Structure formats: structure tokens, C-alpha cells
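Below are the sequence and a predicted model for it; my questions follow.
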Amino acid sequence: MSKLECRGIGKKYGKKEALQQIDLTIESGKIYGLIGRNGAGKTTLLSIMAAQNPASQGMVMLDGENIWENQKALGNICFSREISPASGKNGIGSLRIKEYLKAAAIYLPKWDAQMAGHLIEMFALNPKQRMSKISKGMLSMVTIIVAMASKAEYTFLDEPVTGLDAVMRERFYQILLDEYADTGRTFVISTHIIEEAANIFEEVILLKKGCFFIKENTQHLMERALHISGRTEQVGEAVEGLVVCQEEIMGRSKGVTVLLEEGQTVKTGFEVTVQPVSLQNLFVALCGKED
Amino acid sequence: MNEILTQEKSIYLQISEMIENDILRDIILEEEKVPSTNELAKLYAINPATAAKGVNILVDAAVLYKKRGIGMFVAKGAKEKITERRKKDFAADYIKRLVEEAGSLGITQEEIFAMIKGEYKNE
């Protein structure tokens, strides 16, 4: 089976270490969710995995071949960048939507013009409009169209739902799942809207301050995460020996989020409330106290 | 007080249940002040009016009482009141659901009794 591997990827911007020692394998045929706080290194990682940005250390391999300046390998990878609304009157901003898509078609060998046309209709975009004149949500639609119509085996989307309304977000998830069902392409999607995307991700990749933190099957991860609350001493005894990600105390009351290791359980016989944790709550528990 | 809100039930009902749980578990004692609606609102990231609605259910049930200008306090005998009411609700909340599910699975009365007895033995 095909796979994309990051081997010891590091990236420095000046003195700042954006990524450190990332070892990560993306297996083909899965939808991955890439989550992390602002500045965690999500965009940097995606751009390095698509060879749009050179790594300071390490390399990215597609089926054992280094992808850097490797046209054959890069034909299978598409990273649809977020387009900044501030791209201005020059450059991207001066292009009409259809011109931008035409440019994308030149770089992407498997470009599906029919699909692009279909998606333009679906998103009700006017292809003659200039990129500098359309809203944030519409710019997101354009990046989604590029990603989908690229037909690249490995497709990376960087915050594709920013600025989209709830109806359009649902529509995007439908388009994504349709395409996935038809082709089994591999998608890596970064997002901050964790809750609504959680069920779509087969695996979650969590970046924390430039370091790779968790890569795990989403459902499996959710089953390991629990929230236990009650009287402080009771909670303390119930979670003894478990990995506590976060705790909050209020008076005599305490709530903790734990991540169970293989074979572990919360001890019974205590007056505590045990609740499942959503991916978003777990994310906050794991990343919330960095600053 | 540190439980997580779920989507399954109205938020204000969950707020009042959480305060009740805390009283039953001796997390908030009788004659002690409960968190203000603004504190609850901040803790759970909910609208203060929703928090107030949850608290007011308990005021109506005389579990909490208001000290003017100071806040809400747990009434004397609140624990018993909550226990009494929950006992009354027990049949509707648990037994009815149990009998319904057993019926749809074809579990007989005798089998249910045997299961319950077995569970008590395990304790």
C-alpha cells in the first residue's frame, strides 16, 4: 500500500523552531484530521509534506522516494493553501476565479475540469469575479475546488471551512465523503472546527507547539478519554494511577480529564460522575494550558 | 460542579441536577452558598439567564433559598428533599425504561428479578 512518510522533519523560521523532529506516516485511503492550536505548525507541516516549503531537517518520502523536486511524486500530492483575502490587487487578487483555477490546472496533472465546473455551480460562484472581490467564505470554496478537482492521491486542505456558513460546511463534508467513497483518495484536513468534523476523521493528528503529539484512530482516542467529577478525594482515588490531562477544582469539587492506557479503567465504588469527552473537550484538556 | 454539559437534555435542567448532585455528595453543604449565576455561566460557558433558570428550579423546590444581596444558599434539609424527590422519580426514570426495554427484548419478569438479585450479590 502507498504511504507518505515524514522522517525527522524539522523547520526553523529564523530562530523560531516551527516544527521539531516530526516522524509521521500518512497511509493512503484514509481521511486524517490535523488539529492544533494557532501557531502549532499545521500549515508548515502540510506545506513541507507537499514540497512547497523546504524542511530544515529530515525528508518526506512517497513510497520510499524523496518528494523534493520530484515531479513524478508531486503529481500525486496537492496542497490547497488558504488564500488570504489580503492578497491584494496584484498577484492572486487580480485574477478572476476561472483564471486561478486555470493556473491550478497547469500545475496539477490529474486536474478534472468537469468536476471543477460542477463544484463552481454547487457553490454558486461567479467564475468571472476577481479573487480580491470575493468574501472569505468564497475564497475557502475556491481552495476546496482546487483540492477536489486536483484528483491527487494525497490531498491536503488547510482550514477549508473557514468563513463558510453552516449549510456550506455541511455541503463540503458531503462533497468530501462522496469523493472519498468514489476514489478512496487520501485527505489530510486541518481545522479548528473540531466538533463537527470529528466524525469524518478516521484518524486524528495532534500537533502541539511544533511537536507531533498524538496520531490515533478517532474513535479509539475518544473511547480512551473520560471526564470524572465529584468530591475532590473521591475523584482523586478513582483516577489513581491514570494519566490526567487536565484538572479543575472548585471548592470541594474536582473534575479531571483522563486518557486511559491499554487495559486501564476508572476504579469503581466511588461517588463520581464518569462522562465521555468530545474531541473538542479533549483537545482543550490537552492543549489548553500551554500558555 | 465540574461535570460536562451534554446535548441530550436542556442545559438548565443539567445545571439544577449538578447542584443537586453536589449537595447529595457533600460537595456543597447545607447553609453554604452556591456559586452565583454569573459564576456558573462562566464555568460552563452558558448564558447567565440559562444558569439562573436552573438555579430557580431549586429555589422553587425549596432546596435553595435566597439571601437578599448575598446570593443563593442551600436550605436546611435540602439533602432529604432531593433524595425524597429522586425516589419518587426513580420509577419513572429507571423502572419504566427497564420494563420497556425488557419487553422489547422478550425478557420475562422472573428473569428481570433474577438479574436484579444477581447484581445485588455482586455488590
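Thanks, I have the structure now. Residues are numbered from 1 along each chain as shown, chains lettered A, B, ... in the order given.

Just the element for the spatially most central residue of chain B, please.
For chain B, B:E17 is the residue whose C-alpha lies nearest the centre (CA atoms, centre = their mean; 3.0 Å). Per DSSP states H and E, B:E17 falls inside helix B:11-24.

can you tell if that helix touches chain A?
Yes - residues of helix B:11-24 contacting chain A under CB under 8 Å from any CB of the partner chain: B:N21, B:D22. For every residue, glycine as well, the C-beta is placed using N, CA and C.

Domain boundaries for chain B, per the record?
Per automatic domain parsing, the structural domains of chain B span B:11-77, B:79-122.

how about residue 52, what does it touch?
No chain in the question, so chain A it is. Going by CB atoms under 8 Å, 6 or more residues apart in numbering or on different chains, A:Q52 touches A:F79, A:R81.

that answer is for a different chain, and I need it for chain B
Per CB under 8 Å, 6+ apart, neighbours of B:A52: B:T37.

Confirm it sits in a helix?
Yes - counting by DSSP: H, G, I helix; E, B strand; the rest coil, B:A52 is found in a helix.

Please work out which of the domains of chain B is packed deepest.
Mean neighbour counts were compared across these using mean count of other CB atoms under 10 Å in any protein chain shown; the top stretch is domain B:11-77, at a mean of 17.

Pick out the residue of the stretch 151-291 of chain A closest to chain B.
Proximity of the stretch 151-291 of chain A to chain B (CB to the nearest CB) peaks at A:G255, 2.6 Å away.

can you pull the pLDDT of that residue?
In this prediction, A:G255 carries a pLDDT score of 94.

I would like the residues contacting the helix or strand encompassing it, please.
Secondary-structure assignment from DSSP H and E places A:G255 in strand A:253-259. In this structure, residues lying in contact with strand A:253-259 by CB under 8 Å, 6+ apart are A:224-232, A:235-236, A:239, A:242-248, A:266, A:277, A:281-282, A:285, B:1-4, B:22, B:27.

So in that sheet, which strands flank that strand, and in what orientation?
strand A:225-231 (antiparallel), strand A:243-250 (antiparallel) (DSSP bridges).

among those, which gets the worst mean confidence?
strand A:243-250 (a mean of 91).

quick revisit: so can I have TSV of the domains of chain B showing mean pLDDT?
Shown next, in TSV, are these (pLDDT from 0 to 100):
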stretch	mean pLDDT
domain B:11-77	94
domain B:79-122	92
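
what about the residue nearest to A:G75 when sequence neighbours are not counted, how many neighbours?
Spatial nearest neighbour of A:G75, excluding adjacent residues (CB to CB, 6 or more residues apart in numbering or on different chains): A:P109 at 4.5 Å. Neighbours of A:P109 under the rule other CB atoms under 10 Å in any protein chain shown: 14.

Quick check: closest non-adjacent residue to the residue of the stretch 151-291 of chain A closest to chain B.
Counting by CB to CB, 6+ apart, A:G255 lies nearest to B:N2, which is 2.6 Å off, once chain neighbours are set aside.

can you tell me which residues contact A:F156?
Contacts of A:F156 by CB under 8 Å, 6+ apart are A:L46, A:M49, A:A50, A:I77, A:C78, A:F79, A:S80, A:A147, A:F187, A:V188, A:I189, A:S190.

Need the pLDDT of the fourth one.
Predicted confidence (pLDDT) for A:I77: 96.

Many thanks, we can stop here.
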